[in-house]
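In: with the sequence up front, the predicted model follows.
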Amino acid sequence: MTRRINWFFLASPASFFAVAGRLTPWFAGASVLLLAAGLYVGFGIAPDDYQQGSVYRIIYIHVPAAWMSMFIYLLMAGYGVLALTFNTRLSAMMVLALAPTGAWFTVIALITGSIWGRPTWGTYWVWDARLTSELFLLFLYLGVLALHHAHADPKRADRAAALLAIVGAINVPIIYFSVKWWNTLHQGASISLTAAPKMAMTMLTAMLLVALAAWCYTFAVSFTRVRTIILEREGRSDWLQKKVSA
Amino acid sequence: MTTAERGVWSALRWAVARDLTLAARSPAAAVLAIGFFLLAAAIFPLGVGPEPEQLKRIAPGVIWACAALAMLAPLTRLYEPDYAAGVLEQLALSGRPLAALVGGKAIAHWLAIGVPITVAAPLTGLWFGLDTAAVLVLVATLAPGLATLTLLGGLCAALTLGADAGRGGGTPLIALLLLPLAVPVLILGAGAVDATENGLSPAPHLALLTAFLLVSLVVAPVATAAAVKIALE
């Protein structure tokens, strides 16, 4: 009895439209609960930092946002690979659906980092390797969005944006290391971000809860967005007409 | 050499020869690029003041950034006219390896635009008071650096083929796509000149710059060919 799994079942916009519609409320709900729990642990239970007092608590938003900004780019590039190799429409739609969320997380990471940097380092911005790469990551996201928008033909826009996402993903590590090298040559290491002190267990718990909330949020939002894209693109198809009129 | 290899080289040679002929017949693009490069570099002393020490300190970054920006505008013309005239379609249908054809176009573009900027660069070095060793290193970094920028820029230009200028296509979009990708080139190029100024060896920078060029040389033509095919679908 060998039953073959149809790996491409979810690659069809018609079946994914239904699955995503059913999953979205669960992800949205989980995201709210996890965020509430994470913020409660982070802002209510976790102790003040020995040196920074309460200022450090912004990391409960900053670190998950920074993680997501990078994860989503990789995820987007992964969907780009799927879109170009299997020529699946849905993968390309996911590239477009993930890009704005990734860009927003990048913006949040940059802003919260600046807010934390002002009292802690005494400046909103340093040309550190991580900050600079994060800034250019934002430009890479904006490039994908702008390129997609510039093409009037959706299919061409999808494929061009997918290719750009892949090229960007190859380049992100190169940018990071070149900026890091540039930075160490230009100025002595006045601030070390990598040598962080050991973290209390409650702090780590809070951060992981918020990170999970961010993942659930990403799924909820990108699924909603991809459903909107499907409605836009396939509005005239039979299955969608039936679904809407039913 | 196998037949396929011969096909690659003859396609490459043909594309280089064709685009160089076209560039020679309308040298205005190269002249304008050099003019932009020199003008952009010339307005910096007006902005920051003529103190020689300060000019010398900002020279590597300013000259490199101006060279990178001067490369941008001509990129719009790398594929757009051939796309509009249907030449790209013929190239894609010719049965010759498209990656070799677009690679040849990129090499010709570098020879027509990048090399003249590289040759003009010592003049800006003089304006900013760089010493001879630093000027030589500047030229040595611009040569492979602008070649890398041409390869990456060609890819970005090909991605924007068929994009609607009214929807935000054109040169600003190419700039948005290219400049983040070009960050390593800028850092390594300016860094090599900076290192020379400070009495350090530029060799590590040059080695990494060459490595980046070699990677781009392998990846960019294939990706550009894919982008051209997307535009022709």
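Out: Received the coordinates, thanks.
In: where does pLDDT dip in chain A?
Out: Low-confidence segments of chain A (pLDDT under 70): A:1-7, A:50, A:183-199, A:246.
In: which element is residue B:124 on?
Out: helix B:115-127 (DSSP states H and E).
In: residue A:218 too?
Out: helix A:201-233.
In: try residue A:244
Out: Secondary structure assignment for residue A:244, by DSSP H and E: helix A:238-245.
In: which residues are in contact with that helix?
Out: Applying Cβ atoms under 8 Å, 6 or more residues apart in numbering or on different chains, the external contacts of helix A:238-245 come out as A:14, A:17, A:230, A:231, A:234. From N, CA and C alone the C-beta is placed, and that goes for glycine too.
In: also stretch B:132-142?
Out: Residues outside stretch B:132-142 that contact it (Cβ under 8 Å, 6+ apart): B:59-60, B:63-64, B:67, B:114, B:117-118, B:121-122, B:125-126, B:130, B:188-189, B:192-193, B:196-197, B:202, B:205-206, B:209.
In: out of those residues, who's near chain A?
Out: Within the set of the contacts of stretch B:132-142, contact with chain A (Cβ under 8 Å from any Cβ of the partner chain) is found for residue B:188.
In: pull out the buried members of the contacts of stretch B:132-142.
Out: Applying 16 or more other Cβ atoms under 10 Å in any protein chain shown to the contacts of stretch B:132-142, the neighbour count classes B:59-60, B:63-64, B:67, B:114, B:117-118, B:121-122, B:125, B:130, B:188-189, B:192-193, B:196-197, B:202, B:205-206, B:209 as buried.
In: would you map the helices across the chain?
Out: Answering for chain A, as no chain was given. Taking DSSP state H, the helices of chain A run over residues A:13-40, A:59-86, A:89-121, A:129-150, A:154-186, A:201-233, A:238-245.
In: chain B was what I was after
Out: Going by DSSP H, chain B shows helices at B:3-25, B:28-48, B:52-85, B:87-93, B:98-109, B:115-127, B:132-159, B:171-197, B:203-232.
In: most widely separated two among the contacts of helix A:238-245?
Out: Greatest spatial distance among those (Cβ to Cβ): A:14 and A:231, at 11.9 Å.
In: list the contacts of the nearest residue to residue A:66 once chain neighbours are set aside.
Out: Residue nearest to residue A:66 in three dimensions, not counting chain neighbours: residue A:109, with 4.0 Å by Cβ to Cβ, 6 or more residues apart in numbering or on different chains. Applying Cβ under 8 Å, 6+ apart to residue A:109 gives the contacts A:62, A:65, A:66, A:69, A:134.
In: turn the helices of chain A into a markdown table, columns for distance to residue B:28.
Out: Rendered in a markdown table, the data for the helices of chain A read as follows (distance: least, Cβ to Cβ, whole Å):
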| stretch | distance to residue B:28 |
| --- | --- |
| helix A:13-40 | 49 |
| helix A:59-86 | 37 |
| helix A:89-121 | 38 |
| helix A:129-150 | 27 |
| helix A:154-186 | 30 |
| helix A:201-233 | 43 |
| helix A:238-245 | 52 |
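In: which one, of those, ends up nearest to residue B:163?
Out: Of all these, helix A:129-150 sits nearest to residue B:163, with 3.8 Å by Cβ to Cβ.
In: which bits of chain A sit near chain B?
Out: A:84, A:136, A:139-140, A:142-143, A:146-147, A:149-153, A:155-156, A:159-160, A:163-164, A:167-168, A:170-171, A:174-175, A:178-179, A:181-182, A:185.
In: which ChimeraX command selects the buried ones in those residues?
Out: Only the buried entries of the residues of chain A next to chain B go into this ChimeraX selection, using 16+ other Cβ under 10 Å:
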select /A:84,136,139,140,142,143,146,147,149,150,151,156,159,160,163,164,167,168,171,174,175,178,179,181,182
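In: so who does residue 222 touch?
Out: Since you didn't name a chain, this refers to chain A. Counted by Cβ under 8 Å, 6+ apart, residue A:222 has contacts A:94, A:97, A:98, A:101.
In: try chain B instead
Out: residue B:99.
In: pLDDT wise, what is the most centrally placed residue in chain B at?
Out: Nearest to the geometric centre of chain B sits residue B:150, at 3.0 Å (Cα atoms, centre = their mean). Per-residue pLDDT puts residue B:150 at 96.
In: please report how far it lies from residue A:164.
Out: Distance of residue B:150 to residue A:164, given as Cβ to Cβ, to the nearest Å: 18 Å.
In: quick one on the thing from earlier: so for the helix holding residue A:244, what gets flagged as buried?
Out: Within helix A:238-245, judged by 16+ other Cβ under 10 Å, the buried ones are residue A:240.
In: so where's chain B uncertain?
Out: Filtered on pLDDT under 70, chain B yields the residue ranges B:1.
In: what residues does it have near chain A?
Out: Taking Cβ under 8 Å from any Cβ as the contact definition, chain B meets chain A at B:155, B:159-160, B:162-164, B:167-169, B:173, B:176-177, B:179-181, B:183-184, B:187-188, B:191, B:194-195, B:208, B:212, B:219, B:223, B:226-227, B:230-231, B:233.
In: please redo it, this time with the cut-off set to 7 Å
Out: By Cβ under 7 Å from any Cβ of the partner chain, the residues of chain B that approach chain A are B:155, B:159-160, B:162-164, B:167-169, B:173, B:176-177, B:180-181, B:183-184, B:187-188, B:191, B:223, B:226-227, B:230-231, B:233.
In: which among the residues you listed count as buried?
Out: Using 16+ other Cβ under 10 Å, the buried members of the residues of chain B next to chain A are B:155, B:159-160, B:162-163, B:168-169, B:173, B:176-177, B:180-181, B:183-184, B:187-188, B:191, B:223, B:226-227, B:230-231.
In: circling back: list the buried residues in the helix holding residue A:218.
Out: Buried residues in helix A:201-233, defined by neighbour count with 16+ other Cβ under 10 Å: A:203, A:205-227, A:229-230, A:233.
In: please state the offset of that helix from the chain centre?
Out: Remark: helix A:201-233 is offset 8 Å from the chain centroid, using Cα atoms, centre = their mean, to the nearest Å.
In: cool, stretch B:223-233 as well?
Out: 20 Å.
In: and for stretch B:179-192?
Out: With Cα atoms, centre = their mean, you get 12 Å for stretch B:179-192.
In: contacting residues around that stretch?
Out: Contacts with stretch B:179-192, where a contact means Cβ atoms under 7 Å, 6 or more residues apart in numbering or on different chains, come from A:136, A:139-140, A:143, A:171, A:174-175, A:178-179, A:182, A:185, B:60-61, B:64-65, B:68, B:137, B:141-142, B:145, B:148-149, B:152, B:202, B:205-206, B:208-209, B:212.
In: again, 8 Å this time
Out: Here stretch B:179-192 makes contact (Cβ under 8 Å, 6+ apart) with A:136, A:139-140, A:143, A:167-168, A:171, A:174-175, A:178-179, A:181-182, A:185, B:60-61, B:63-65, B:68, B:137, B:140-142, B:145, B:148-149, B:152-153, B:156, B:202, B:205-206, B:208-209, B:212.
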